[in-house]
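**Student:** could you work out the structure for the sequence below:
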Amino acid sequence: MVLRREIGVLEGTGSTPQVSQALEEKKTKLANALCGVVEVYMTDLSWEEDAEARCETLVTEALLVASNTPEPLQTLASVRISQLRMEDARAALSRSIELWKDLDTEDVKVPDFPTRISLSRLLMEAEMEDDALEVLERLVGEDDSSVEAWYLGGWCLYLMSEKRRSSGDSAEERKALMPLMRASREWLQNSLKLYQVLEYEDGRLKEHAEELVQGLTKVLGPPTDGDEADEDKGDWEDDEEGSEDEEMEDT
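**Tutor:** Prediction:
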């Protein structure tokens, strides 16, 4: 590979700030290229007998080449998720996020928008919903016209509400549940509005978003102008809690 040769040449050159910067850039490009090949083996070439072994070799090289960049760690997490090694996947994802989460968006070390969209999906697969939502809120802050970011945020909030719903029946848990569900529906409805405006073409996304909204509306009832005020207020009257609990029991 050309990048390998160029890296070899730079490593044999005297150490200067310019050389160090060029070397870092080449290594990052090589690591990202290797990660791209891993994704191919995990999708289009997954049927090949040695696909898993090739993925391991490639992602290991990517980590050796650029251990302090987020993409190789993100790719490692994807491989570990496919192997059902969830603890290892969570560790890799946490390390990946730590490398850039406190940097300004303009910093070159922050992964690009599509890479962070993929990251949010991996975080949700790894049941790291809080981290996924943090990533998605930042993405929406950068570009509020992303159908996928709004959809994933709504889905993430839905998963968080389902976890809360199944964890117990205390009044405190019910109090936290309803705002999550309302926020989920709001994010999903935003994604569906943008879907129409932008003539987005992912039919499966639209179908899933609509399905989630319908399920949420069965519990919450039709959206009202007061929903956002209720979320901001964060407290509930006893009779409201009672009626909401009855609605949930009926579903």
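
**Student:** and the strand or helix carrying Gln214, what other elements does it pack with?
**Tutor:** Assigned by DSSP states H and E, Gln214 belongs to helix 203-220. Applying 3 or more C-beta pairs under 8 Å, 6 or more residues apart in numbering; DSSP states H and E, one finds that helix 203-220 contacts helix 147-167, helix 171-198, helix 238-250. No exception for glycine: its C-beta is placed from N, CA and C like everyone else's.

**Student:** so which bits of it are buried?
**Tutor:** Across helix 203-220, burial judged by 16 or more other C-beta atoms under 10 Å covers Leu205, Lys206, His208, Ala209, Leu212, Val213, Gly215, Leu216, Val219, Leu220.

**Student:** ok now that helix, how far from the chain's centre?
**Tutor:** When C-alpha coordinates are averaged (C-alpha atoms, centre = their mean, to the nearest Å), helix 203-220 and its chain have centres 19 Å apart.

**Student:** quick one, it and helix 147-167 angle?
**Tutor:** Here helix 203-220 runs at 40 degrees with respect to helix 147-167, directions being taken by axes from the mean of the first three to the mean of the last three C-alpha atoms, to 10 degrees.

**Student:** quick one: stretch 84-99 to chain centroid distance?
**Tutor:** Worked out by C-alpha atoms, centre = their mean, stretch 84-99 lies 12 Å from the chain centre.

**Student:** do the same with stretch 4-12
**Tutor:** Worked out by C-alpha atoms, centre = their mean, stretch 4-12 lies 35 Å from the chain centre.

**Student:** per-residue confidence averaged over that stretch?
**Tutor:** On average, the pLDDT along stretch 4-12 is 76.

**Student:** what sits up against that stretch?
**Tutor:** With C-beta atoms under 8 Å, 6 or more residues apart in numbering as the test, stretch 4-12 has contacts from Val19, Ala22, Leu23, Lys26, Lys27, Leu30, Val65.

**Student:** then stretch 140-149?
**Tutor:** Contacts for stretch 140-149 (C-beta under 8 Å, 6+ apart): 105, 113, 117, 120, 136, 139, 150, 153, 191, 194-195, 198, 200, 202, 205.

**Student:** please pick the buried ones from the contacts of stretch 4-12.
**Tutor:** Leu23, Lys26, Lys27, Leu30, Val65.

**Student:** the third one: which element?
**Tutor:** Secondary-structure assignment from DSSP H and E places Lys27 in helix 17-42.

**Student:** give me the low-pLDDT residue ranges for the stretch 51-200 of the chain?
**Tutor:** 168-170, 173-174 (pLDDT under 70).

**Student:** is Asp144 in a helix, a strand, or coil?
**Tutor:** Here Asp144 is coil, with the state taken from DSSP: H, G, I helix; E, B strand; the rest coil.

**Student:** number of nearby residues for it?
**Tutor:** 11 (other C-beta atoms under 10 Å).

**Student:** quick one: it and Arg116, what's the gap?
**Tutor:** According to C-beta to C-beta, to the nearest Å, Asp144 stands 15 Å off from Arg116.

**Student:** just give the nearest non-adjacent residue to Ile97, would you?
**Tutor:** Of all residues beyond its chain neighbours, the one nearest Ile97 is Asp131 (6.3 Å), with distances taken as C-beta to C-beta, 6 or more residues apart in numbering.

**Student:** kind regards, and thank you for your time.
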